[in-house]
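**Q** Fold the following and give me the result.
(2 chains)
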2 protein chains.
Amino acid sequence: MRLGIDIGGTNTVWGLVNEQGQILDKGGIKTKAFENFPDYLNALSNSLKPTLEKHEGLKGIGVGAPNANAHTGCIEFAPNLVWGKDIVPLAESCEKEFGLKTFITNDANAAAIGEMRFGAAKGINDFIMVTLGTGVGSGFVVNGQLVYGHDGLAGELGHIIAVRDGRDCGCGRKGCLETYTSATGIVRTAEELLKQNKESLLIGQEPLNGFKIFEAALNDDPLALEIFDFTGKILGQSLADAVAITSPKMIVLFGGLAKSGKFIFDPIQKYFEQNLLKIYQGKVQIVPSQLPENDVAILGAAALVI
Amino acid sequence: MRLGIDIGGTNTVWGLVNEQGQILDKGGIKTKAFENFPDYLNALSNSLKPTLEKHEGLKGIGVGAPNANAHTGCIEFAPNLVWGKDIVPLAESCEKEFGLKTFITNDANAAAIGEMRFGAAKGINDFIMVTLGTGVGSGFVVNGQLVYGHDGLAGELGHIIAVRDGRDCGCGRKGCLETYTSATGIVRTAEELLKQNKESLLIGQEPLNGFKIFEAALNDDPLALEIFDFTGKILGQSLADAVAITSPKMIVLFGGLAKSGKFIFDPIQKYFEQNLLKIYQGKVQIVPSQLPENDVAILGAAALVI
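**A** I've put the predicted structure just below:
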């Protein structure tokens, strides 16, 4: 039995996970409600206390959190965590507070481990997990191991340059994949295309979001279909480049955009194959995550515990 | 003691390598002189016989060869090998012929292993080896292991798209890194810039090659410096993207272009840092190979033997 904790910018959820990947107990607190880390940790401790007292012999704690560095055990400069904008010694603090060995990694890596242990990538030693959310994250698995890099910060597929001198990115550079294929990226695409005064069910729908674009696509709206085609093209091209580096057997897509089904998977698949080097063509499956969205990070975090 | 064999399109060289990476005996045959694999293997066997008889207790054979697949032990569709355009069961044939366990990998991977075992990347668990020759090859090392991918064909950095819809590549696609930063790529750049009728020491120098461009740069030729700047820009940008995937501690450059010293390293370094995501800036060393050019592949091949 292990404890998995998923720290998001808004909510923190935890779950008690058994060997089979079942979540036996669950709880959470509001991440945002605390201005400093000691207060946050105290609240987390209170939320966990009854469960920890009931279950002795826990093997350890795994945590998935934004900007979490597996090598240092710290959250490092997380722009989306009120109490995490500096360096927070998360693993060490949890070990002290709970008396349990604690492992941490970033949320996309935790999702990759969850998918490898319990989901679509079960038994697959070489795959890429791509999370398409507010940002674009990724976890690369090679030889059955997560790629952390020498500094624990590998796997930033969202920040490879998809379009040279393209859209401004929050990271200060231009054309990052994230500016096209995240939840906000697809809205930026919609806004750009709407400015060209095309006819569309999306006209006048403010604020725009991925779900409204999906609904319009369900109604055969040509602009919505064009948005998905463009988004799939950018993502397919970038995934083809990533394949030339690690040659995975599978790419798992997770997050809001991945739930748009064929509207996004068809164009991704098409442009992906078109852009692959011949030796890789027809070999790499692109599939949606097979774990419930709310549980992926908990399961992956729990699986961090060795 | 291990035997390392480096199969190139023109020559095959082999060396007897000890634990310290010293080459104690050396020899070779002309790869090109044989039209089919059995004849080639027979000649290789004759060349090796005296050495194999003298040294009993060899631990095994390692081979670096173009298009060699470490997983299958075969050379697969090697355009530059007269007798290797189909599938050649190299490892199996060597084991039968020499009675020694045989390991194979492609030439860039062999170079990466040589550099990790005996060269610039000694003791480094996460690095990228880039070979800048007729083509551009690469070997990615992650957690101290070579990245082979699920099919043994990972590490084709030369075929990531450096310029979308850019130069035609031999692989059938457009804009591959190799079309800009290989020995032929840099000549293509020179030809393109010469067409703009710039003044240069290179005018009238036919056939152009990397060495002539290097010589012109030594004489402060502005066009030669522009060629290196452009080449370094393309390579620096692409390396910055690769870093976002595996976050290496070091990038080792090998081959003709890497011998142009500051003329190529200065622009690579400049554009590399400019294009890195902030979390990686100032952390990754880019260095030239530290092994003698003719020995790298033999040493790396020998080090394949476990």
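
**Q** What sits closest to the closest residue to chain B within the stretch 1-150 of chain A if chain neighbours are left out?
**A** Residue nearest to chain B within the stretch 1-150 of chain A: A:Gly149 (2.4 Å; Cβ to the nearest Cβ). C-beta: built from backbone N, CA, C; applies to glycine. Excluding the flanking residues, the one nearest A:Gly149 by Cβ to Cβ, 6 or more residues apart in numbering or on different chains is B:Ser247, at 2.4 Å.

**Q** how many other residues sit next to the one you found?
**A** 25 (other Cβ atoms under 10 Å in any protein chain shown).

**Q** Looks like it contacts A:Leu157 (just checking).
**A** No - here B:Ser247 does not reach A:Leu157: they are 11.8 Å apart, not a contact under Cβ atoms under 8 Å.

**Q** A:Val287 belongs to a helix?
**A** No - going by DSSP: H, G, I helix; E, B strand; the rest coil, the assignment for A:Val287 is strand, not a helix.

**Q** Surely it and A:Met250 touch.
**A** Yes - in this structure A:Val287 lies within contact range of A:Met250 using Cβ under 8 Å: 6.4 Å.

**Q** Now list whatever residues contact both of those two.
**A** A:Ala120 (Cβ atoms under 8 Å, 6 or more residues apart in numbering or on different chains).

**Q** So between those two, which is more surrounded?
**A** Between A:Val287 and A:Met250, A:Met250 has the larger neighbour count (other Cβ under 10 Å), namely 20 against 16.

**Q** Please give me every residue in contact with that one.
**A** Going by Cβ under 8 Å, 6+ apart, the list of residues near A:Met250 reads A:Ala120, A:Ala121, A:Ile124, A:Asp126, A:Phe127, A:Ile128, A:Val284, A:Gln285, A:Ile286, A:Val287.

**Q** Narrow those residues to those in strands?
**A** A:Phe127, A:Ile128, A:Gln285, A:Ile286, A:Val287 (DSSP state E).

**Q** Whether stretch A:96-106 contacts chain B - can you check?
**A** No - judged by Cβ under 8 Å from any Cβ of the partner chain, stretch A:96-106 and chain B are separated, with a smallest distance of 11.4 Å.

**Q** tell me the mean pLDDT for that stretch?
**A** Stretch A:96-106 carries an average pLDDT of 95.

**Q** elements contacting the host helix or strand of A:Gly4?
**A** Element membership of A:Gly4 [criterion: DSSP states H and E] is strand A:2-7. The elements that strand A:2-7 packs onto, with contact taken as 3 or more Cβ pairs under 8 Å, 6 or more residues apart in numbering or on different chains; DSSP states H and E, are strand A:11-17, helix A:37-54, strand A:61-64, helix A:107-118, helix A:296-303.

**Q** could these go into JSON lines alongside mean neighbour count?
**A** Converted to JSON lines, these look like this (neighbours: other Cβ atoms under 10 Å in any protein chain shown):
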{"stretch": "strand A:11-17", "mean neighbour count": "22"}
{"stretch": "helix A:37-54", "mean neighbour count": "15"}
{"stretch": "strand A:61-64", "mean neighbour count": "29"}
{"stretch": "helix A:107-118", "mean neighbour count": "28"}
{"stretch": "helix A:296-303", "mean neighbour count": "30"}
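
**Q** Among these, which comes closest to A:Pro89?
**A** Each of the helices and strands packed on strand A:2-7 has some distance to A:Pro89 by Cβ to Cβ; the shortest is helix A:37-54, at 8.8 Å.

**Q** The closest one to strand A:2-7, inter-axis angle?
**A** Interaxial angle of helix A:37-54 relative to strand A:2-7 (axes from the mean of the first three to the mean of the last three Cα atoms, to 10 degrees): 150 degrees.

**Q** ok, and what's touching helix A:37-54?
**A** With contacts defined as Cβ under 8 Å, 6+ apart, helix A:37-54 is touched by A:3, A:5, A:12, A:14, A:16, A:25, A:27-29, A:31, A:33-34, A:58, A:83-84, A:88, A:93-94, A:97-98.

**Q** rerun at 6 Å
**A** A:Asp25, A:Gly27, A:Ile29, A:Phe34, A:Trp83, A:Val88, A:Ser93, A:Glu97 (Cβ atoms under 6 Å, 6 or more residues apart in numbering or on different chains).

**Q** what's the closest non-adjacent residue to the last one?
**A** Setting aside the residues directly before and after it, A:Glu97 is nearest to A:Ser45 in space (Cβ to Cβ, 6+ apart), at 5.5 Å.

**Q** mind listing the helices for the stretch 51-200 of chain A?
**A** A:90-98, A:107-118, A:178-181, A:183-194 (DSSP state H, counting those that start in this stretch).

**Q** mind listing what's buried in the last one?
**A** Same thing as helix A:183-194. A:Ala183, A:Thr184, A:Gly185, A:Ile186, A:Val187, A:Thr189, A:Ala190, A:Leu193, A:Leu194 (16 or more other Cβ atoms under 10 Å in any protein chain shown).

**Q** and the closest residue to the third one other than its chain neighbours, what does it touch?
**A** By the measure of Cβ to Cβ, 6+ apart, the closest residue to A:Gly185 outside its immediate chain neighbours is A:Thr179, 5.2 Å from it. When contacts are counted by Cβ under 6 Å, 6+ apart, A:Thr179 touches A:Arg167, A:Cys169, A:Gly185.

**Q** Could you do A:Ile23 as well?
**A** A:Ile23 makes contacts with A:Gly15, A:Val17, as judged by Cβ under 6 Å, 6+ apart.

**Q** bridging residues for it?
**A** A:Val17 (DSSP bridges).

**Q** With adjacent residues omitted, what lies nearest to the residue nearest the centre of chain A?
**A** The residue lying closest to the centre of chain A (Cα atoms, centre = their mean) is A:Thr131, at 3.3 Å. Leaving aside its sequence neighbours, A:Thr131 sits nearest to A:Gly137 (Cβ to Cβ, 6+ apart; 4.3 Å).

**Q** And the pLDDT for that neighbour?
**A** With respect to pLDDT, A:Gly137 has a value of 94.

**Q** Can you get me a residue count around it?
**A** Neighbours around A:Gly137, by other Cβ under 10 Å: 27.

**Q** Any residue of the lengthiest helix in chain A touching chain B?
**A** When chain A is parsed with DSSP state H, its longest helix is helix A:222-246. Yes - under the criterion of Cβ under 6 Å from any Cβ of the partner chain, chain B is reached by helix A:222-246 at A:Asp241, A:Ala244, A:Ile245, A:Thr246.

**Q** what about A:Lys174, distance to B:Asn275?
**A** Separation of A:Lys174 from B:Asn275 (Cβ to Cβ, to the nearest Å): 10 Å.

**Q** These two: which is more packed in?
**A** B:Asn275 (22 against 15).

**Q** For the more buried one, which non-adjacent residue is spatially closest?
**A** Nearest to B:Asn275 is B:Ala240, by Cβ to Cβ, 6+ apart, at 3.7 Å.

**Q** Who are the contact partners of the one you found?
**A** Shown in contact with B:Ala240 (Cβ under 6 Å, 6+ apart): B:Phe272, B:Asn275, B:Leu276.
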